[in-house]
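Student: Sharing a model that was predicted from the sequence below.
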Amino acid sequence: MRFFKLSCKKATEMVEKEKINGLSFIDKLRLKLHLSVCKACRGYEKQSTLIDDFFLKTSASDIDNIKIEENPKLKETIINRLDNES
Amino acid sequence: MEYMIKNKNEQLTNWVNEYSDKLYSWAFYKTSKKEVAEDLVQETFLSAFKSFDNFKFESQPQTWLFKILNNKIIDYYRLLARNIEQVTDDEFLSKKTTDALFNNSGQWVSAPINSQWEEQEHLLDNVDFTTVLTNCIKKLPQNWRIAIESKYQEEKKATDICKELDITSSNYWQMIHRAKLQLKICIEKNWIIK
């Protein structure tokens, strides 16, 4: 049973590992067990998902919603470079 | 042939005039660095020039150019992620802060009163909260910010991205873990549950 025990630090680390790499069957069990008895880590898991959702939402925020900054110098540089390419 | 080349140049020049500001603004939004954004947009047009023949005129030039640019942005993040192992000063400090959340046996040290912010509903629609979170993200050590932001660059699954990043994956999720702990600390400091 000691083998099954996880510290909170390890458990929250495994929450992230699971999202990215997935976990082995045994580790999945260990994490589930830990989360079932640890309120603080359950809270972490929810917070982690919330942060993920925030990033997903903002990175999907479309191109049409950003502030357009003009960069005439860049325009000129690119046009000159393209002329040299041909 | 002469005519074709001229045509191609003209076409691209038109595109530069029409889309470069938009592309630049997007690249800047994604990288927060002026020089990087400029380089990426330049490279985008050079790639567009080279693969001009692949462009199908029934598709939107803007869509095509943004596709090229987004790939360049991903490559940029990938390159940065490879050099991530170096520990910077701000990273060192943040490591100390996040370590302090746990005691020696890895259990949470006492939780602050407002540690349960996730219990509130519709947090992501709450402008006050998203402002706090956005500021907290800005304050992350740069490496961590790159790690966490590159995770969402593509619509792909995290597992695929991690494979592509090919930095030892354990380093990668440990970094994400730390970044999220740091965000937790920052939110709990700055977000007052009403």
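Tutor: Yep, it's here.

Student: Looking at chain B, what residue ends up closest to chain A?
Tutor: Nearest residue of chain B to chain A, counting by CB to the nearest CB: residue B:106, 2.7 Å away. Bear in mind the C-beta positions are built from the backbone N, C-alpha and C, glycine included.

Student: Show me the domain layout of chain B.
Tutor: Recorded structural domains for chain B (assignment: automatic domain parsing) are B:2-82, B:89-190.

Student: number of nearby residues for residue A:53?
Tutor: 12 (other CB atoms under 10 Å in any protein chain shown).

Student: and it, backbone torsions?
Tutor: phi -60, psi -40 (degrees, to the nearest 10).

Student: so it makes contact with residue B:122?
Tutor: No. Here residue A:53 does not reach residue B:122: they are 11.5 Å apart, not a contact under CB atoms under 8 Å.

Student: Mind checking the pLDDT average for stretch B:129-142?
Tutor: Mean pLDDT, stretch B:129-142: 87.

Student: Centre of the chain to that stretch, how far?
Tutor: Mean-position distance between stretch B:129-142 and its chain equals 13 Å (CA atoms, centre = their mean, to the nearest Å).

Student: Pull out the CA atoms of that stretch and give them to me as CSV.
Tutor: This file holds the C-alpha atoms of stretch B:129-142, laid out as CSV (Å, rounded to 0.1, in the frame of the first residue of the first chain):
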residue,chain,number,x,y,z
PHE,B,129,-10.5,37.6,-13.2
THR,B,130,-9.1,37.2,-16.7
THR,B,131,-7.3,40.5,-16.3
VAL,B,132,-5.6,39.1,-13.2
LEU,B,133,-4.8,35.9,-15.0
THR,B,134,-3.4,37.7,-18.0
ASN,B,135,-1.1,39.8,-15.8
CYS,B,136,0.0,36.7,-13.9
ILE,B,137,1.0,35.0,-17.2
LYS,B,138,3.0,38.0,-18.2
LYS,B,139,4.9,37.8,-15.0
LEU,B,140,6.0,34.1,-15.5
PRO,B,141,9.6,33.4,-16.1
GLN,B,142,10.1,33.6,-19.8
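
Student: Are it and chain A in contact anywhere?
Tutor: Yes. Shown here: stretch B:129-142 in contact with chain A (CB under 8 Å from any CB of the partner chain) through B:130, B:133.

Student: quick one: buried residues of that stretch?
Tutor: B:129, B:132, B:133, B:136, B:137, B:140, B:141 (16 or more other CB atoms under 10 Å in any protein chain shown).

Student: No further queries at this time; thank you.
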